[in-house]
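structure, please.
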Amino acid sequence: MKPPKSRTGEGAGDIDREHIAAAYQRTSSHIRRTPIIAIEPADLGISGVAAPVTLKLEYLQHAGSFKARGAFTAMLSGAIGAIGVAAASGGNHGVAVAFAARRLGHKATIFVPEISSPAKIRRIRDLGADLVVGGSRYADALAACESFTANSGATGIHAYDAPETLLGQGGVGFELEMQAPGIDTLLVAVGGGGLIGGIAAWYEHRIRIVAVEPETSNALSAAFAAGGPVDVEVSGIAADSLGARRIGTLMWPLAERFVHDAVVVSDAAITAAQRQLWERVRVVAEPGGATALAALTAGVYRPARDERVAVLVCGANTDAVRFD
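Residues are numbered from 1 along each chain as shown. As a prediction, the model looks like this:
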């Protein structure tokens, strides 16, 4: 689905190249510069494409996903009180906040829904955070977290709809442009939109940004169809990481302006992409981490023959998986 053209960029505030670069420099001693690798399209089962596919291995970031960038940016952007920080999460944001809080010496309270994977719940506990499990979806965890911060004085760190979060995630784009300045297109998995919003703010119109969502967790595609953020029903194998009920309000004007296309993939396509990553690259990715690649391997996004495509492999917080 092709997004409509934007009328204005209002609402994006200071989420721009200058502030993304500043946030990257501020957090550079706390985050990893994750590597890229070039893969021949045929090795991923992709036909008709000549240029190698660039994989940005962001799953190697601290805490197993890109979320650590936003967590560190938020905690380094202002004073944190004695109560510490609190976050609602399907899992990855909670792991990242718990990791960053421990590294910076803050207390963390993390709220997760019942659909969160056991691997992510275990990692949050192992990082020393107070964990509250309740509600069937991310929205339930967010409501509980907001009540907690309002009554306790803890500093809330939103998973995707806060300026600091988008600025931190935009660092993925900042970093990738240094590593692979010649790419034409970048495929990015989308949940609440903090990652793609930050990346789009960095690249602006200089490359093609393509959003990839599961068919059953498609808040951005629904927003493009409706002309603005709307609620969607959430389910499927990637719901614990890409299961936002509504796209973030801060990323929406950025998506209108800078996201060139949005496609959806099936759970079967995501599982197949996970298998391809393991069999061809020896990468174990969680379903959300393999979703962007699924658009290529399932043929949902078809590049031109000489198009230089990059794919963000954004998360690997999963138990070891057998694909046989």
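
show me where the stretch 51-200 of the chain has helices.
67-75, 92-104, 118-126, 138-152, 163-179, 194-203 (DSSP state H, counting those that start in this stretch).

adding mean neighbour count, mean pLDDT and distance to residue 319, write those helices out as TSV.
The C-beta positions use only the backbone N, C-alpha and C, and glycine is treated the same way. Listed next are the helices of the stretch 51-200 of the chain as TSV, based on neighbours: other Cβ atoms under 10 Å; pLDDT from 0 to 100; distance: least, Cβ to Cβ, whole Å:
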stretch	mean neighbour count	mean pLDDT	distance to residue 319
helix 67-75	30	96	18
helix 92-104	27	96	14
helix 118-126	18	91	5
helix 138-152	18	91	21
helix 163-179	24	97	25
helix 194-203	30	98	23
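
of those helices, which is nearest residue 39?
helix 163-179 (14.7 Å; Cβ to Cβ).

in stretch 45-60, what's buried?
46, 49, 51, 53, 54, 55, 56, 57, 58, 59 (16 or more other Cβ atoms under 10 Å).

returning to that earlier point: the helices of the stretch 51-200 of the chain: which one's closest to residue 255?
Closest among those, once you apply Cβ to Cβ, is helix 194-203, at 6.4 Å.

then the closest one to CSV, C-alphas only?
Output of helix 194-203 as CSV, limited to C-alpha atoms (Å, rounded to 0.1, in the frame of the first residue of the first chain):
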residue,chain,number,x,y,z
GLY,A,194,9.6,4.2,16.8
LEU,A,195,12.3,2.4,14.8
ILE,A,196,11.1,3.3,11.3
GLY,A,197,10.1,6.8,12.4
GLY,A,198,13.6,7.5,13.7
ILE,A,199,15.3,6.0,10.6
ALA,A,200,13.0,7.9,8.3
ALA,A,201,13.8,11.1,10.0
TRP,A,202,17.5,10.4,9.5
TYR,A,203,17.3,9.5,5.8
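
by contact count, what packs against it?
For helix 194-203, the packing partners by 3 or more Cβ pairs under 8 Å, 6 or more residues apart in numbering; DSSP states H and E come out as helix 17-27, helix 163-179, strand 185-189, strand 208-214, helix 252-258.

residue 49: what's it in contact with?
Going by Cβ atoms under 8 Å, 6 or more residues apart in numbering, residue 49 touches 41, 303, 304, 305, 307, 309.

go again with 6 Å.
With contacts defined as Cβ atoms under 6 Å, 6 or more residues apart in numbering, residue 49 is in contact with 41, 303.

quick check: phi and psi at it.
Torsion angles at residue 49 (phi, psi; degrees, to the nearest 10) stand at phi -120, psi 130.

could you check how far it is from residue 186?
Distance, residue 49 to residue 186, by Cβ to Cβ, to the nearest Å: 15 Å.

same check on residue 213?
15 Å.

returning to what we had before: now render the helices and strands packed on helix 194-203 as TSV, adding distance to residue 115.
Shown next, in TSV, are the helices and strands packed on helix 194-203 (distance: least, Cβ to Cβ, whole Å):
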stretch	distance to residue 115
helix 17-27	29
helix 163-179	21
strand 185-189	17
strand 208-214	13
helix 252-258	25
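
can you tell me which of the ones you listed is nearest to residue 36?
helix 163-179 (5.0 Å).

roughly how far out does the closest one sit from the chain middle?
11 Å (Cα atoms, centre = their mean, to the nearest Å).

circling back: can I get the buried residues of stretch 45-60 in JSON lines with pLDDT?
Below are these laid out as JSON lines (pLDDT from 0 to 100):
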{"residue": "46", "pLDDT": "87"}
{"residue": "49", "pLDDT": "89"}
{"residue": "51", "pLDDT": "95"}
{"residue": "53", "pLDDT": "96"}
{"residue": "54", "pLDDT": "97"}
{"residue": "55", "pLDDT": "97"}
{"residue": "56", "pLDDT": "98"}
{"residue": "57", "pLDDT": "97"}
{"residue": "58", "pLDDT": "96"}
{"residue": "59", "pLDDT": "95"}
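
sort out for me which of the residues you listed are in strands.
Counted as lying in strands by DSSP state E, out of those, are 53, 54, 55, 56, 57.

which residues does the fourth one contact?
When the contact criterion is Cβ under 6 Å, 6+ apart, the partners of residue 56 are 36, 176, 312.

and residue 180, what does it touch?
If a contact means Cβ under 6 Å, 6+ apart, then residue 180 has 36, 54, 310 as its contacts.

let's go with 8 Å and repeat that
36, 54, 56, 310.

now the residues you listed in JSON lines, with distance to residue 68?
Putting those into JSON lines (distance: Cβ to Cβ, whole Å) gives the following:
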{"residue": "36", "distance to residue 68": "18"}
{"residue": "54", "distance to residue 68": "21"}
{"residue": "56", "distance to residue 68": "15"}
{"residue": "310", "distance to residue 68": "20"}
